[in-house]
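In: A predicted structure for the sequence below; I have some questions about it.
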Amino acid sequence: MAHSVKKYRGLMDWITTVDHKKIGILYFAAGGLFFVIGGIEALLIRLQLMFPKGTFDILDGQTYNEVMTMHGTTMIFLAAMPLVFGLMNAVVPLQIGARDVAFPFLNSLGFWTFFFGGVLLNISWFTGTVPDIGWTAYAPLSGQEFSGTGSDYYAIGLQIAGIGTLVGGINFLVTIINMRAPGMSFMRMPLFTWTSFITSGIILFAFPALAVGLIYISFDRLFDANFFVTATGGNAILWEHIFWIFGHPEVYILVLPAFGAISEILPTFARKRLFGYSSMVFATALIGFLSFMVWAHHMFTVGMGDIANALFGVATMLIAIPTGIKVFNWLFTIWGGKIQFTTAMLYATSFIPTFVMGGVTGVMLAIPPADFQFHDSYFVVAHFHYVIVGGIVLSLLAAAYYWWPKMFGRMLNETLGKWSFWLFFIGFHLTFFIQHFLGLWGMPRRVFTYLPNQGWDTANFVSSIGAFFMAAGVIVILINAIISIKGPKAPADPWDGRTLEWSIASPSPEYNFKQLPLVRGLDAFWLEKMDGKKEMTPAEPLGPIHMPSPSILPFFMSLGLFIAGFGFMYRGYEFESAFMNNLFGYNIIAIFGLAITLVCMFLRSVYDDHGYHIEVEELQKEG
Amino acid sequence: MGQGSNPIDPKGSVAEEQYGLILLSLGIMILVTVVVFVLYFYAIVKYRRKPGDNTIPKQVEGSHKLEIIWTVIPMILLFILAVPSVALTFSQDVDYSDDPEVIQVKATGHQFWWEFEYPDLGIYTAQDLVLPVNQRVQFELTSSDVIHSFWIPAMGGKMDTNPGMINKLYLDTPAEPGVLKGKCAEFCGESHALMDFKVIVLSEEDYNAWVEDMQTPANTTVSADVQSGEELFKQNCMSCHAIDAGSPGLGPNLKGFADREVVAGFLEMTDDNVYKWIRDPAYFKGDRVEMPGLFLEDEQYQDIAEYLKTLKLE
């Protein structure tokens, strides 16, 4: 029975893989690619705004709006989300002592739907109809009357990519509930696993709201429905509610795993266990819960009235309490420790003050009458970049440097790492700190230009200079990643780690744990090391390991949705050739695409694939 | 910095109250930030690992006392912040629509210009919002197309203009006459950045004179040199643009056009700019601008521009 399964190599291996470690790398690669694209868009924005109107206008209004929309959409949905998922894939199964996620096939499906959704969105650059409605796509601007095919790219691209996120969230919920190693109770789980768990729970409730909202937009646009069309009785504000009841939790979907990574890295390099573990878990859960109670603070100026504004304002302020608990617990984790400033630790420690600066402006924005002034000004732009770049990106970079050896089996260069850190960190504060003041000086956001002599010229120039520093930092990171292919081989436990992933080889074998480990407490591996042991105590005898087979079906299921997406988007489009008009007008393309997906689902359902086993002899041979 | 258009240089009581809350919250937040920074920098300097030091520090689980301190103190700080926030949220959400002492203005956002109606005075105007000093103004806000947001930074916070809905917002005018900037703050399409307006704050006397001028019907006899321009205007423009303040139009009302500070919300008011603007509005504000191309000769545009420059108040 052994190896009746077909093994693929090269490109086919990557397209068919269901191994969480390889899928993690795919997420990293795709997320990194989109991060660079979004970064180039950010540079274009800062170049355009470097000087006031009439001096150096590289973008016109329409192009700027496209770049601005795609920057936001790309960074949130196509860069931050997949990087978080990449990290969860790379780390969570190892941290809980599991051999894979609960549904490896779905894991692959989640990646490919995300990837094809992102590709679809970016194809708009080549067809010339780019989304130009802001990443929030407010109705009626995103409706048929006021925007073109670009809005269809937005709605359908995100719809397809969103499937991947929802599938992934469910997968991690089941994995973390069911697949923990013997002895790993919930309150012994590493904090990164905890935050991934809560994040998956938020995804489960938040992403369906986005999916429904996007369907409304698509139906309004493609099938003349009237959800948001005011003239025919629709309600434009409904979209804002739907969007933000997804959109606000989305911030926490991204930031909680970032918190989790920080909570792993600080203890490791301070050689001290996480301070207040149980209150950290509690704070995470509370933030997850509150994240659904505060969406309307994005809408204070909509005209909801005093009662709604006051309630949502106070509810928002409450989030400061669990967040404050986390910050002080981090501070007291390094307090009294023995801090070693590796690149990962530099990023992780710099996260603390930076994120606090983003957090306090969040509380200021929670005051409705003050928000009337801040709202849609550069103050908000500064705030959410402090949270998203200063909070999420800094900790993702910390996490990348920290777990890189485990993912790739190679060490990153520390000198280059420190260069990248200082360039990025200084660049970040140079770019965004001054934008707080631009907001207080009355500069609205999402403007493609501004008239000179309003007191904004110098500040915008400084901000743009900062952006170049950040770009330089990212280039150094990319160089570091590329040369690490030939870098020194990573030992199993390069950082004197505390959690299970450091108890196995770097990179870990495809089955992760030859024998499932027995977990005796929090920081399971650290406990064993303190008892003078070199590895975990096994919880089971050596036996054959059951592995899932690779499959090409997820790739084709996603490809089918991708094709169907184009079919729907262009069904009302007037092509020059009658053949194309018939092809799209009669939904032939859309049906063809959906058929591919359905056939793949059918095949998956009727063919039982029992996977294969790695036999004991092979395990022993590998050592 | 940010001259005349600045939330932190408030003019009028609404902006002043909001500025007070901004300062209070800023003060509390700076306090919090300083505490964190002091602990943080102390920790990362004091607890560095010396080279060769392989000792394991004491593994501390946590501290109930500390946990309680950093839960309770933020609660107190938030309480101090929440009380005036909630109070002002309610006290600034008052509707003065029926108050005869308060000036009523209906502001409507269009892609990409502002229409102002004074229902009690029978005046429609556009782009320049004229108000007297020391007065409370009740705005009724709506939109004819997409969502915009009505913002006079120096006078107070913004409020969205939603199509098919009406929002109420009151603001107080400054004590001194002057010109303030107004902006569209909600992203509304291609030329959102250029959707500015001016707030002209006049003395009581000047304001009354302005009202009177606006209510006086336009002079029907024009001087000979702009007669051809007037003729062209009547043929091509009048169906959308009124030159009397008594009636609305599809496009901006042009009564007193030549007195305005800027053309189209952002171009300097010069003969050349008026000409350029009417010749090709899409060049400045993109294809979504509703003003159609007129297919006239260059000189004809010049004639219309010259006529428009005569549209001054008495």
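Out: Right, received. Where do you want to start? Numbers count the residues shown, from 1 in each chain, chains lettered A, B, ... in the order given.
In: hey, let's count contacts and neighbours off CA atoms from now on
Out: Noted.
In: tell me the domain boundaries of chain A?
Out: A:19-538, A:554-623 (automatic domain parsing).
In: by mean pLDDT, show me the worst of the ones you listed.
Out: Lowest mean pLDDT of the domains of chain A: domain A:554-623, a mean of 92.
In: using PDB, write out every CA atom in stretch A:404-412.
Out: Taking Å, rounded to 0.1, in the frame of the first residue of the first chain, the C-alpha atoms of stretch A:404-412 are listed here in PDB:
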ATOM      1  CA  TRP A 404      12.000  32.000   8.600                       C
ATOM      2  CA  PRO A 405      14.500  29.300   9.800                       C
ATOM      3  CA  LYS A 406      11.700  26.900  10.600                       C
ATOM      4  CA  MET A 407       9.900  27.600   7.300                       C
ATOM      5  CA  PHE A 408      12.800  27.500   4.900                       C
ATOM      6  CA  GLY A 409      15.600  25.700   6.900                       C
ATOM      7  CA  ARG A 410      18.000  28.700   6.200                       C
ATOM      8  CA  MET A 411      19.000  31.600   8.400                       C
ATOM      9  CA  LEU A 412      18.400  35.200   7.300                       C
END
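In: can you tell me what sits against that stretch?
Out: Contact with stretch A:404-412 is made by A:21, A:25, A:90, A:401, A:480-481, A:484-492, A:494, A:501-502, A:505-508, as judged by Cα atoms under 8 Å, 6 or more residues apart in numbering or on different chains.
In: show me which of those residues are buried.
Out: The neighbour count (16 or more other Cα atoms under 10 Å in any protein chain shown) marks A:21, A:25, A:90, A:401, A:480-481, A:484, A:489-492, A:501-502, A:505-508 as buried among the contacts of stretch A:404-412.
In: so the closest residue to chain B within the stretch 451-600 of chain A, which state does it fall into?
Out: With Cα to the nearest Cα, the shortest gap between the stretch 451-600 of chain A and chain B falls at residue A:455, namely 4.4 Å. Per DSSP: H, G, I helix; E, B strand; the rest coil, the local secondary structure of residue A:455 is coil.
In: and for it, the neighbour number?
Out: The number of residues packed near residue A:455 is 17, by other Cα atoms under 10 Å in any protein chain shown.
In: next, give phi and psi for it.
Out: Per-residue torsions, residue A:455: phi 80, psi 10 (degrees, to the nearest 10).
In: returning to that earlier point: give me whichever of the domains of chain A is most buried.
Out: Mean neighbour count (mean count of other Cα atoms under 10 Å in any protein chain shown) peaks for domain A:19-538 among the domains of chain A, with a mean of 22.
In: just to be sure, residue A:442 is in a strand?
Out: No. Going by three-state DSSP, the assignment for residue A:442 is coil, not a strand.
In: show me the strands in the stretch 201-314 of chain B, by range?
Out: Assigned by DSSP state E, counting those that start in this stretch, the stretch 201-314 of chain B shows strands spanning B:262-263, B:267-268.
In: quick one: contacts of the first one?
Out: Looking back up the chat, that one is strand B:262-263. Strand B:262-263 is contacted by residues B:268, B:269, B:273, B:274, B:277 when judged by Cα under 8 Å, 6+ apart.
In: which of those residues has the most neighbours?
Out: That'd be residue B:274 among those, by other Cα under 10 Å, with 23 neighbours.
In: quick one: contacts for it?
Out: Shown in contact with residue B:274 (Cα under 8 Å, 6+ apart): B:263, B:305.
In: pLDDT wise, what is it at?
Out: So, for residue B:274, pLDDT stands at 93.
In: isn't residue A:588 up against residue A:567?
Out: Yes. Under the criterion of Cα atoms under 8 Å, residue A:588 makes contact with residue A:567 at 7.3 Å.
In: hmm, back to that, figure out which of the domains of chain A is closest to residue B:23.
Out: domain A:19-538 (9.6 Å; Cα to Cα).
In: where does the closest residue to residue B:187 other than its chain neighbours fall, phi/psi-wise?
Out: With sequence-adjacent residues excluded and distances taken as Cα to Cα, 6 or more residues apart in numbering or on different chains, residue B:187 is closest to residue A:446, at 6.3 Å. Dihedral pair for residue A:446: phi 60, psi 30, per degrees, to the nearest 10.
In: wait, doesn't residue A:446 sit right on residue B:188?
Out: No. Residue A:446 is not in contact with residue B:188 according to Cα under 8 Å; the separation is 9.5 Å.
In: which residues does the residue nearest to residue A:461 when sequence neighbours are not counted contact?
Out: Nearest residue to residue A:461, sequence neighbours excluded (Cα to Cα, 6+ apart): residue A:50, at 4.7 Å. In this structure, residue A:50 makes contact with A:457, A:460, A:461, A:462, A:463, A:464, judged by Cα under 8 Å, 6+ apart.
In: next: residue A:359.
Out: Residue A:359 touches A:320, A:383, A:387, counting by Cα under 8 Å, 6+ apart.
In: between these, which is nearest chain B?
Out: Each of the contacts of residue A:359 was scored against chain B by Cα to the nearest Cα, and residue A:320 proved nearest at 7.7 Å.
In: so that closest one touches residue A:364, yeah?
Out: No. Using Cα under 8 Å, residue A:320 is not in contact with residue A:364; the gap is 10.8 Å.
In: what does the stretch 201-314 of chain B put close to chain A?
Out: Counting by Cα under 8 Å from any Cα of the partner chain, the stretch 201-314 of chain B comes close to chain A at B:266, B:286.
In: among the domains of chain A, which is nearest residue B:294?
Out: With Cα to Cα, the closest approach to residue B:294 among these belongs to domain A:19-538: 22.6 Å.
In: residue boundaries of the helices in the stretch 51-200 of chain A?
Out: A:61-73, A:81-95, A:104-127, A:150-178, A:191-222 (DSSP state H, counting those that start in this stretch).
In: in TSV: the ones you listed, plus distance to residue A:16.
Out: Formatted as TSV, the helices of the stretch 51-200 of chain A follow (distance: least, Cα to Cα, whole Å):
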stretch	distance to residue A:16
helix A:61-73	28
helix A:81-95	16
helix A:104-127	8
helix A:150-178	16
helix A:191-222	24
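In: dump those helices to JSON lines, plus distance to chain B.
Out: Below are those laid out as JSON lines (distance: least, Cα to the nearest Cα, whole Å):
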{"stretch": "helix A:61-73", "distance to chain B": "5"}
{"stretch": "helix A:81-95", "distance to chain B": "20"}
{"stretch": "helix A:104-127", "distance to chain B": "17"}
{"stretch": "helix A:150-178", "distance to chain B": "12"}
{"stretch": "helix A:191-222", "distance to chain B": "14"}
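In: among those, which is nearest residue B:229?
Out: Closest among the helices of the stretch 51-200 of chain A, using Cα to Cα: helix A:61-73, at 31.7 Å.
In: show me where the stretch 151-300 of chain B has its helices.
Out: Using DSSP H, counting those that start in this stretch, the helices of the stretch 151-300 of chain B run over B:204-215, B:227-236, B:271-279, B:281-285, B:298-308.
In: could I get the contacting residues of residue B:314?
Out: Residues in contact with residue B:314 (Cα under 8 Å, 6+ apart) are residue B:213.
In: for residue A:620, pull up the helix or strand it's in.
Out: Assessed by DSSP states H and E, residue A:620 sits inside helix A:616-622.
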